[in-house]
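A.B. asks: curious how this folds, go ahead:
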Amino acid sequence: MRNCLGLLAAGVSLLQPCSFANAQAPNALERAIGDAQPCRSLKTKVSSFGISVEVGVDKLDSVKIENLQLSVNGNTAEASARGTLACKTSDEALVEGGFSATAEVRLKVDLTTCKMTETSIEIVKTGGRFGDIVKELETEITGALRRSLTKNLVKLCQK
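C.D. replies: Below is the predicted model of the structure:
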């Protein structure tokens, strides 16, 4: 149980915004998502003038967490968040552009086993040059976000 309390304390400290001189600096949660590189595996086909080209929208542009709620009831922690992830092509790409996807994430964690018992990730808004392609990449995007959540949960459980 002491490990679970330590885990919870570490989680709360991880989720708290850090103090920076620059107000635009990412908070700890945004940095953790960025460190997981959720855009790395995102590729899609773009057609122009009858030519189809595979485009990697695989560079992280930005992460912004709009809100986060965390609650603990016994050995179950619940979290819900809304945030925007923006990815872009590399500067050397044949076709440059990017997209943003605003997602709502909900999860439950069993604090005795450090396992996610429920996860829900829904993309609620898209934008950018490739924003309309996001639906095609939704499985990859939600998978990348799920892997990032799992990776960071594992890190917290090791403390």
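
A.B. asks: the longest helix along the chain: which residues count as buried?
C.D. replies: Longest helix of the chain, by residue count under DSSP state H: helix 134-157. Under the neighbour-count criterion of 16 or more other C-beta atoms under 10 Å, helix 134-157 has 134, 137-138, 140-142, 144-146, 148-149, 152-153, 156-157 buried. Placement of C-beta: from N, CA and C, glycine included.

A.B. asks: that one packs against which elements?
C.D. replies: helix 2-15, helix 28-35, strand 98-110, strand 115-127 (3 or more C-beta pairs under 8 Å, 6 or more residues apart in numbering; DSSP states H and E).

A.B. asks: how about 10 Å then?
C.D. replies: helix 2-15, helix 28-35, strand 43-48, strand 76-88, strand 98-110, strand 115-127 (3 or more C-beta pairs under 10 Å, 6 or more residues apart in numbering; DSSP states H and E).

A.B. asks: so which of the ones you listed gets nearest Asp61?
C.D. replies: strand 76-88 (4.0 Å; C-beta to C-beta).
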